[in-house]
Structures are given as C-alpha cells and as structure tokens.
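Colleague: I would like the atomic coordinates for the input below:
(4 chains, ligands or ions: 2)
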Amino acid sequence: MPKETQIIEAEGIAVEISHPEKILYPEAGLSKMDLVRYYTAAWPYLKKFGMGRPLAIKRYPHGAGGDSFFQKNKPHNAPEWLTSRLLGLEKKADYIILDKLATLLWLVNLDSLEFHSALVAAPNYDKPNLLAFDLDPPPGSTFPEIRDFALACRPIIEGFGYRCFAKTSGKRGVHICCPLPAPQSFEQVFNAAKEVATTIIEKIPGCTLSLKKEDRPDKILIDIYRNHPYQLMVLPYSTRATPNASVSMPLSWEELGRLEDAGVFDVGTVVEKLKKGKDEWEEYYPK
DNA sequence: GCTGCTG
DNA sequence: CAGCAGCAACGCCCT
DNA sequence: AGGGCG
Ligand SMILES: [Mn+2]
Ligand SMILES: [Mn+2]
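Modeller: Ligands and ions are numbered 1, 2, ... in the order given. You can find the predicted model right below:
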C-alpha cells in the first residue's frame, strides 16, 4: 500500500484511496480526492437512478486525456463487499452491481472517470425498466441544435404514452429516458424505441437511425441501439473524461430549453446546484 | 491501478 | 526482477 | 469470417 493511502468511510465501509492527491483532470486541477468528494455529494441523487444497475466503467490510469479502457468484469482484487453478478445474453460477464456508495468510491480509486450502466436493475436483471433515446449530434453542430431537436421529440414520445425526462450526455449530446411502469423484455423495449423513432424521423427532418457515417454527414443520429441487450448508457450524474470534468446532468424540460451550453455542468457547478436545487427528475421515480 | 505473464 | 499487456459488449450492416 | 459503428 502506498504511503500516502487515505482511508475513506462510506456508509460504514472503509475504502482505500491510494494517491489521493493524484491529479485526474489536469486542466481543471481536480484530484482523485476531489472526485471522491464529488461522488459522495452526488450519491443521494445518483443512486435514485443507478441503484442496483450493472456497471461498466471507463478508466483513465493517467487521467483525462490519457489512455483509457472500459471494464465491466469485477476486478480480481475486489473487496468481498463488492457485489457482482453474471449477466449478459450468455451470462458470462461478472458485472459489478452498483448497490452502495463504497462501490463508486472504490472504482474512483481505480481512476474511473465515467460510469456507464445497462438499462436493467435489480432484481429484474433481464428486463429493462426504461426506454432510452440517445441523441447524437453531427460533428460541427451546436448545442442549441440538439437541444431543440430533443424538445421537438418530447411531444412525439409522449404521444406514445411514455413519460420522458432529459439529461445532458456530459459531452455533446442529449439523452431522453422514459421510465417504464413495469420492466419489459429487451425485444419489446427495442421495438418500442424503433417505432417511436420511426415516427420522429417522419415528422422532423435532419435525423436518421443509420449508424453508417456516410448516411449521416450532418444528421442527428437517434441512437436507439442503447436498447439492445446489455447496451450501455452513461449514468445521470456521471462525470465524463472531458477537460473540465463535465457531468451528465438531469434537467427539467424548462431548464433544457434555456440551456445554451451543456458544458456548464461540471464537478464544481453540479454540487453547488444540488445544494440549493431540487432534483429535476423527482417525478421520474415512483413515490 | 493493479495483476500476471514473459524475457 | 523489471517491463509490459490486459482490463467490453451488443447486433446490425457491409465487405 | 471479419471490421466499423455507437
Ligand atoms: Mn501507470
Ligand atoms: Mn450519445
């Protein structure tokens, strides 16, 4: 154990943070401990969506801007309290399950700068409990363009009977999440997403379902493939590996409508907003 | 960040 | 003993 | 069979 290792207590579990002052975001000057503090502050909100979900983490051992890799299997050296479960179509990947703050912080110690999850949650590990529309802007477009597209999608999606909530992706896009009253199969959920998206394509110009780049040089991709089995979406309140440590931020539709730049939500501003604001996704969660 | 393999 | 590789996944679409 | 796509 490195000399400068610090022990953090999270809900009664001790988590070792090695090199707590290691800089993970050089441009923003944020250390590993800064990230520990961010996730501790965001946890009461993050857990409302993330609790019980299988994780995939994106790790940056040399900080944002350095080499990175995805990891979904539980590391061999994980502590005994870290929950995991064999999932996937072949049930062969040992996914980390997000069921406590200590899990998040133990993964931060491994230089995880992004937390992604599948659309399923305990105890229904085979059935998604939401529908996801990942709106991916074309290169060179501005945030107001993808913002206005999301706003135009809302009444169409609601017309199919879904409630829908928006968040920034933390990078350039917008995610629309539709909670399901009861979990449905991946096949049902994907077919539903495709039906809705096909209507969006008919009603709004400039968007496509095709992943092929040549089909969409300047079109918005409605990425419904997040709804395929065990595909991933970045969690609400997850940081991203951007220079300013931007965050995937859940918003009210009113606040999204006023937003000119998604980059204003970062590790610093989000904690301030949470301190005084209410959770803009309050209505997402059943009472 | 850490383990396990390879030279 | 030190240096270094590995650390994800789905299905669709195309060659 | 293999690569690109997100
Ligand atoms: Mn290293
Ligand atoms: Mn996206």
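Colleague: Contacts for stretch A:13-33 next, please.
Modeller: Applying CB atoms under 8 Å, 6 or more residues apart in numbering, the external contacts of stretch A:13-33 come out as A:1-2, A:4-9, A:34-36, A:60, A:63-65, A:81, A:100, A:102, A:105-106, A:108-109, A:111, A:113, A:243-245, A:266-268. Placement of C-beta: from N, CA and C, glycine included.
Colleague: gap between that stretch and the chain center?
Modeller: Put simply, stretch A:13-33 sits 21 Å off its chain's centre (CA atoms, centre = their mean, to the nearest Å).
Colleague: got the end-to-end distance for that stretch?
Modeller: 17 Å (CA to CA, to the nearest Å).
Colleague: ok, and for it, which residues are buried?
Modeller: For stretch A:13-33, a neighbour-count test (16 or more other CB atoms under 10 Å) marks A:13, A:15, A:17, A:19-20, A:22-25, A:28, A:30-33 as buried.
Colleague: Now render the residues you listed as JSON lines, adding secondary structure and distance to DNA strand B.
Modeller: Listed next are the buried residues of stretch A:13-33 as JSON lines, based on DSSP: H, G, I helix; E, B strand; the rest coil; distance: CB to the nearest atom of the strand, whole Å:
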{"residue": "A:Ile13", "secondary structure": "strand", "distance to DNA strand B": "16"}
{"residue": "A:Val15", "secondary structure": "strand", "distance to DNA strand B": "11"}
{"residue": "A:Ile17", "secondary structure": "strand", "distance to DNA strand B": "9"}
{"residue": "A:His19", "secondary structure": "coil", "distance to DNA strand B": "4"}
{"residue": "A:Pro20", "secondary structure": "coil", "distance to DNA strand B": "9"}
{"residue": "A:Lys22", "secondary structure": "coil", "distance to DNA strand B": "5"}
{"residue": "A:Ile23", "secondary structure": "strand", "distance to DNA strand B": "9"}
{"residue": "A:Leu24", "secondary structure": "strand", "distance to DNA strand B": "7"}
{"residue": "A:Tyr25", "secondary structure": "strand", "distance to DNA strand B": "12"}
{"residue": "A:Ala28", "secondary structure": "coil", "distance to DNA strand B": "16"}
{"residue": "A:Leu30", "secondary structure": "strand", "distance to DNA strand B": "13"}
{"residue": "A:Ser31", "secondary structure": "strand", "distance to DNA strand B": "10"}
{"residue": "A:Lys32", "secondary structure": "helix", "distance to DNA strand B": "7"}
{"residue": "A:Met33", "secondary structure": "helix", "distance to DNA strand B": "11"}
